[in-house]
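[1] Have a look at this prediction, sequence included:
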Amino acid sequence: MNFPILSSLILLPTIGALFLFFTKEKKGNNTTIKYVALFTTVVNFLISIYLWIAFDQSTSSFQFIEDRTWIKGFINYKVGVDGISILFIILTTFITPLCIISVNNSVKNRLRDFLIAILIMESFMIGVFSALDLVVFYLFFEAGLIPMFLIIGIWGGARRVYSAFKFFLYTLLGSVLMLVAIISIYWITGTTDVVQLYEIGIDVKYQNLLWLAFFSSFAVKTPMWPVHTWLPDAHVEAPTAGSVLLAAILLKMAGYGFIRFSLGLFPVASEVFTPLIYTLSVIAIIFTSLIALMQEDMKKLIAYSSVAHMGFVTLGIFTLQQQGIEGSIIQMISHGLVSAALFLTVGVVYDRMHSRLISTYGGLVSVIPKYSILFMLFALASLGLPGTSGFIGEFLILMGAFKDNFLVAVIASIGVILGAAYMLWLYKRVVFGKLLNEDLKKILDLNRSEYFILSCLAAPILFFGFYPDPLINTIEVSVTDLINMHNTNIASK
Amino acid sequence: MENLNLILPEIFISLSIMFLLILGVFKNDSSKITFNLSLFAILITTIITFNETFSVTRETLFNESVVIDSMSSLMKIITLIGGFLVLVISSTYLKTLKIYNIEYPVLILSSILGMMVMISSNDLIVFYMGLELQSLALYVLATYNRDQLKSSEAGLKYFVLSALSSGLLLYGCSLVYGFSGSTNFDIISNQLNSEEYVLTFGIVFILVGLAFKISAVPFHMWAPDVYEGSPTTVTLFFTIVPKVAALTVFIRFLYVPFLNLIDQWQMIIVFLSIASMVFGAVAAIGQNNIKRLIAYSSIGHIGYTLAGLATASNEGIQSSIIYISIYVVMNLALFSCLLMLRRKDQYYENIDDLSGLSKNHPLLSLCLMLILFSLAGIPPLAGFFAKFYIFKAVLEQSMYFLAIIGLLSTVVAAFYYLRIIKIMYFDKEKDKYDTDHNLWLKFSLTVSTILILLYFIFPSQLVEVVSRINII
């Protein structure tokens, strides 16, 4: 029996959280608990890096599989990774320690509880990406609501209660239908094991309804237009670390779910509903980009830009082309890094000025140059400048889209231009221009920890922008296999 | 000669009741000793029940009017443990309200006896006898804080409405007897056929009576008032123990005498279930008193258990029993929290009193939060699994409508549970509550919260115990 590496990845943050739970919070001195949390997550990151090194890139089958009886004769606790999920696990373990470092300034009270919530959240998120059983997946998928609800509700801004409720109820409403679908799959096929389901397939006559049920959950979580409205609220009110987790990882659960479950389990229905996805994605890209242009709140602007970027992701997934799906995965990873970085950059000035309004700022470049440079890098990565990871993702997605549907690809390309417009305009208004606000003159540049976090995020963005091979190599075989499986399924029906 | 060992628990508990009554008459200041002795009696009864009947698959006694099978023994054990825990955490509350008398444990014991008779009944008359025994004890318990207007009102309301429903039930029984010529469940089951239209009336009357006892919509009107007015510990008793017994009788009626009439009652149960789930979720939103809110939430939970019964399958029955067991644990935990809201001999039961609880009492509010998330059915807590089994059984029978309505109402219900969490965690704090709680209260809260939290590690055990129950 091999060492249960995935389970330890899932459990380790929870153990760290338990440890924190039994330590007493001292007033004014929180370094110990912070170090404990940081240590746990860094160890988790190192384990996941080891996982990546030990991962065999030449096969598409699931690796590091653990299979234990959980509910006898019904559900097995089954986890494993393939080329697609491993990247998301690494993204999770990479972003979480950065979140923990960043809480220095943004979270003033109940730091211990906050760190516990973040650690437990990390456990659930890794669980989502490694689950190979539908029920286990659902369990982790839903369980994440509890810590996120608390993170937004306790440590959020002024309208936090409204946002927390909206976030919770929207997501729950979407997910319950998925539960119906999961149980129905059990009764139709006799198993909820994803690997077995891939082999036996699901009868075509059920696929459409089941696909829609899964879609209702993933669409809310992605979020796709028109059910995206919870996201701006949740982002704006959540504390910086919460926004980062939400944008960087939680949104990816749905994209991952689309690839793993919607495409994998319901190939015929995925073909049937591709026009629906295309329409919603294109509307999301154009419509939310236009909305983003009009925003006066920086966090809200980035939130809407997330919706637009996730529109690209869903578009890419349902092109059902090699490039499209690979592009979507890279776009998700890249968006995970970039949106995290953008929320952190907004968090930096928010901690100093306590305002998220764009009009508060202007002319920052003359007072805080380091900050301005990094902000520029992230803004350019967000709009997909060549040389940043954002470019690779968008480019591949559009390539896939042009192969599949010319019109959709053209409209989506307009979205790229709009994306450049709102991002550059945001940057211009915040960083350039005249320094009118007197308070801004006293603003301090990045301190060491902020500098460290943002550099940590900038490095992979640039690295994968110039050299995306490590990512593509990891996912290539899995994606090829997914598409082959899809094509044979379509051909046989 | 009948094998009396099988009804030894009932015999023992009856003897203890008589002994305790005599003790109460002859000894002054005997409340403490009665309390302890009755706890002891319940404990012994539980052990006897476990030893004598747990391994029995199915035996009947007294001309088949009493049945001992795996369902009856499991439900009796749940009833007894529930009763034990209610009694054990009541004492501080009763002392504070100055109603710490010998009658309380004796009444609880007699109602438990009534429920045990109900659970084991295989005959209309035995069933009715048990039902009335438990009801009479419950009426008195509801008015137990007799100096308070609300408590008396609760008792009176409960008495009048419950008597009405007992009347309906009895009328239904007499109709069924008229058509089948026997009061025995097994004989009724063989005699009845769906050709007789008037028989449907009998079934409807019986179902109405039973629905009243478990407070399913539209026969729930009494529940909020009675729950609010009764002393909190009695409310706790109402929300768990009689529900377990009534559910067992429900299962027994539907699946023994009326087994061949599924077409007649299935729609009724589906309606009761949907109405309870939806109403329980919607009506609880506007409540400000926690006990009233729990009343509505328990109506909702009964809706889910009925959804399991509506499936007419063994999986459905088993899932209902799993649901009610987890529900008992959750409610016990919830009320333990409620009983901890005490400040200077005054108990607080409004939702606003929970405001900012997490600042002053982090552990208590953490427990309460977990319990509420569990009641809302959020994984990985026990409440999720309870719902999961129910919907698994419902979907096996392809009852998609029922499942989707049920799941959508969990979303609505989640709102009011979240509201309490919001008040605890996001709002401004109030004064501290007392922390010198009874050890048993802390014990029951800790144990039940741990059960709720860690249920997902060992989900198979409960399923295995329950899977021995095969009624159909």
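    Structure received. The structure presented is a predicted model; accordingly, all values stated were derived computationally and were not measured. Numbers count the residues shown, from 1 in each chain, chains lettered A, B, ... in the order given.
[2] switch to C-alpha atoms for all contacts and neighbour counts from now on
    Noted.
[3] What's the per-residue pLDDT of the residue in the stretch 151-300 of chain A that chain B sits nearest to here?
    For the stretch 151-300 of chain A and chain B, the shortest gap (CA to the nearest CA) falls at residue A:154, measuring 5.4 Å. You'll see residue A:154 listed with a pLDDT of 85.
[4] Surely it touches residue B:426?
    Yes - counting by CA atoms under 8 Å, residue A:154 does reach residue B:426; the two are 5.4 Å apart.
[5] Show me what secondary structure element comes after the host helix or strand of the residue of the stretch 151-300 of chain A closest to chain B.
    For residue A:154, the host element (DSSP states H and E) is helix A:145-155. Counting by DSSP H and E, the next helix or strand C-terminal to helix A:145-155 is helix A:160-189.
[6] Now the closest residue to residue B:289 other than its chain neighbours. Its backbone dihedrals?
    In this structure, residue B:289 finds its nearest non-sequential neighbour in residue B:350, 4.4 Å apart by CA to CA, 6 or more residues apart in numbering or on different chains. Main-chain dihedrals, residue B:350, degrees, to the nearest 10: phi -100, psi 150.
[7] Check residue B:350 and give its pLDDT.
    For residue B:350, pLDDT reads 87.
[8] Hmm, it is touching residue B:290, no?
    Yes - Residue B:350 lies in contact with residue B:290 (CA under 8 Å); the separation is 5.4 Å.
[9] And those two? Which one has more around it.
    More crowded of residue B:350 and residue B:290, by other CA atoms under 10 Å in any protein chain shown: residue B:290, with 22 against 17.
[10] Contacts only, for that one.
    B:349-351 (CA atoms under 8 Å, 6 or more residues apart in numbering or on different chains).
[11] How much space separates it from residue B:419?
    Going from residue B:290 to residue B:419 by CA to CA, to the nearest Å gives 12 Å.
[12] Residue A:56 now?
    48 Å.
[13] SS state for residue A:433?
    coil (DSSP: H, G, I helix; E, B strand; the rest coil).
[14] can you count the residues close to it?
    14.
[15] Quick check: phi and psi on the spatially closest residue to residue A:131 that is not a sequence neighbour?
    Excluding the flanking residues, the one nearest residue A:131 by CA to CA, 6+ apart is residue A:79, at 4.5 Å. For residue A:79, the backbone dihedrals are phi -130, psi 160 (criterion: degrees, to the nearest 10).
[16] Repeat that for residue B:285.
    Dihedral angles (degrees, to the nearest 10) for residue B:285: phi -60, psi -40.
[17] likewise residue A:318?
    Torsion angles, degrees, to the nearest 10, at residue A:318: phi -90, psi 10.
[18] Let me know the pLDDT of the nearest residue to it once chain neighbours are set aside.
    Counting by CA to CA, 6+ apart, residue A:318 lies nearest to residue A:274, which is 6.0 Å off, once chain neighbours are set aside. We have a pLDDT of 88 for residue A:274.
[19] hmm, back to that, so how far is chain B from the residue nearest to residue A:131?
    Residue A:79 sits 16 Å away from chain B, taking CA to the nearest CA, to the nearest Å as the criterion.
[20] tell me the contacts of that residue?
    A:6-7, A:64-67, A:130-133.
[21] which strand residues sit across from it in the sheet?
    Listed beta-bridge partners, residue A:79: residue A:66, residue A:131 (assigned using DSSP bridges).
[22] what's the spacing between it and residue A:10?
    10 Å.
[23] Which residue ranges of chain B form strands?
    B:58-61, B:66-69, B:342-343, B:346-347 (DSSP state E).
[24] Quick check: which of those is nearest to chain A?
    strand B:66-69 (23.7 Å).
[25] So in the chain, which helix runs the longest?
    In the absence of a named chain, this looks at chain A. helix A:322-353 (DSSP state H).
[26] actually chain B
    Chain B, longest helix under DSSP H: helix B:149-180.
[27] Distance from the chain centre to it, please.
    When distances are taken as CA atoms, centre = their mean, to the nearest Å, helix B:149-180 is centred 18 Å away from the chain's centroid.
[28] can you tell me the average pLDDT over that helix?
    89.
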